[in-house]
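Enquirer: for reference, the sequence and a predicted model appear below.
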Amino acid sequence: MAIIIDETRRVLVQGITGREGRARTRLMREFGTNVVAGVTPGKGGQDVEGAPVFGSVREAINETGAVDISVVFVPARLVKRAAVEAIETGVPLLLLVPDRVPLWDAMEIARAAREHDSAFIGPNTLGVLSPEKACIGMIGGAASSAREWFPKGSVGIISRSGGMTSSTAYYLGREGIGLSTLVHVGGDSVLGLRMPDVARMFERYEQTSLITIFGEIGGSQEEDLAALMQAGEITKPVVAYIGGKAAKEGTRFSHAGAIIEGDKGTHAGKTKALVEAGATVVDSFGDLPQAVKERLP
């Protein structure tokens with residue numbers, strides 16, 4: 001088993017009859033993801049890429065059995081309703097793909113998840129991919145390309161950028177570095193699983209020997225990860241690149257969650273925290289593969 005997603009996890013797709021839901025369901029199934037059902041209110045009884053469609057999450061689970069993950073492909077204004085429905089029905093993990101989810105909606109989703117012992121990734125996430133196993137979300141593209149670009153191995157990737165999740169994996173793969181799981185935590189200011197949470201998962205997963213980070217200015221995810229390293233909770237090697245070095249106070253770098261406020265969330269502060277905790281932090285993204293090679297056990 002890989003962290004978060006592999007070929008054994010049972011996946012539900014909310015919004016499966018929409019354009020994006022249909023297209024991504026096909027790509028996920030081609031890659032090996034076990035999509036067992038889909039949900040679109042008012043459109044039960046259809047079939048999308050071999051997955052039966054139901055009108056509600058409860059109906060889908062009652063008819064097909066429990067699911068491990070729900071992948072949400074609905075318009076941003078409907079994400080809260082879809083997510084809370086899945087959480088209250090007992091789905092343990094959600095992937096919230098859409099961007100522009102209202103901040104208050106994300107906070108309500110987080111509250112519901114806490115109350116029902118559930119978890120979510122995103123909003124505004126490209127997804128999660130475990131090479132040669134399965135993927136969820138929009139990550140990877142065509143299965144043939146993903147299998148070629150992302151070789152299986154022992155390096156885990158955690159990224160705050162969707163595009164750079166794939167780019168990091170691609171450039172590591174070109175250097176012969178195999179990957180365990182790629183995780184884009186999302187680009188918004190209110191998130192479910194954050195970098196430290198995913199790092200804890202990699203720490204427990206024996207087949208991951210090194211963690212690679214694509215970080216950004218803003219927020220405290222990288223500093224929080226460094227604190228876990230200092231506390232001995234993360235013992236595996238960490239190699240990181242932090243984007244936004246030239247940004248000044250008040251600059252937003254690419255994502256809502258990547259904004260410097262005062263002296264918090266700076267490139268220098270993140271780099272210092274990680275280096276003092278024992279991580280290798282490269283100045284240039286192009287130096288990442290060699291740094292990973294040097295730190296691999």
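Expert: All right, it came through fine.

Enquirer: just confirm V79 is within a helix.
Expert: Yes - looking at V79 with DSSP: H, G, I helix; E, B strand; the rest coil, it is inside a helix.

Enquirer: what's the neighbour count on it?
Expert: V79 has 27 neighbours, counted by other CB atoms under 10 Å. In this view, the C-beta of every residue, glycine as well, is placed from N, C-alpha and C.

Enquirer: can you tell me the helix or strand for the residue nearest to it when sequence neighbours are not counted?
Expert: Nearest residue to V79, sequence neighbours excluded (CB to CB, 6 or more residues apart in numbering): V101, at 4.9 Å. Assessed by DSSP states H and E, V101 sits outside every helix and strand.

Enquirer: which other residues reach the strand or helix carrying F202?
Expert: If you go by DSSP H and E, F202 is part of helix 195-204. Taking contacts as CB atoms under 8 Å, 6 or more residues apart in numbering, the residues outside helix 195-204 that touch it are 3-4, 156, 158, 160, 180-181, 183, 185, 208, 211, 213, 215, 221-222, 224-225, 227-228, 233-236, 238.

Enquirer: now that helix: how far from the chain's centre is it?
Expert: 12 Å (CA atoms, centre = their mean, to the nearest Å).

Enquirer: and that helix, which residues are buried?
Expert: Neighbour-count burial for helix 195-204, counted by 16 or more other CB atoms under 10 Å, picks out 195-203.

Enquirer: now do the helix-or-strand element of the chain with minimal mean pLDDT: distance to the chain's middle.
Expert: Within the chain, no helix or strand scores below helix 143-149, which has a mean of 90 by mean pLDDT, DSSP states H and E. Remark: helix 143-149 is offset 19 Å from the chain centroid, using CA atoms, centre = their mean.

Enquirer: now for the helix or strand just after it, which elements pack on it?
Expert: Next helix or strand after helix 143-149 toward the C-terminus (DSSP H and E): strand 152-159. Helices and strands touching strand 152-159, by 3 or more CB pairs under 8 Å, 6 or more residues apart in numbering; DSSP states H and E, are helix 162-174, strand 179-184, helix 195-204, strand 210-216.

Enquirer: now tell me what touches strand 152-159 from outside.
Expert: Contacts of strand 152-159 (CB under 8 Å, 6+ apart): 3, 131-133, 165, 168-169, 172, 177-185, 195, 198-199, 202, 205, 207-214, 292, 296.
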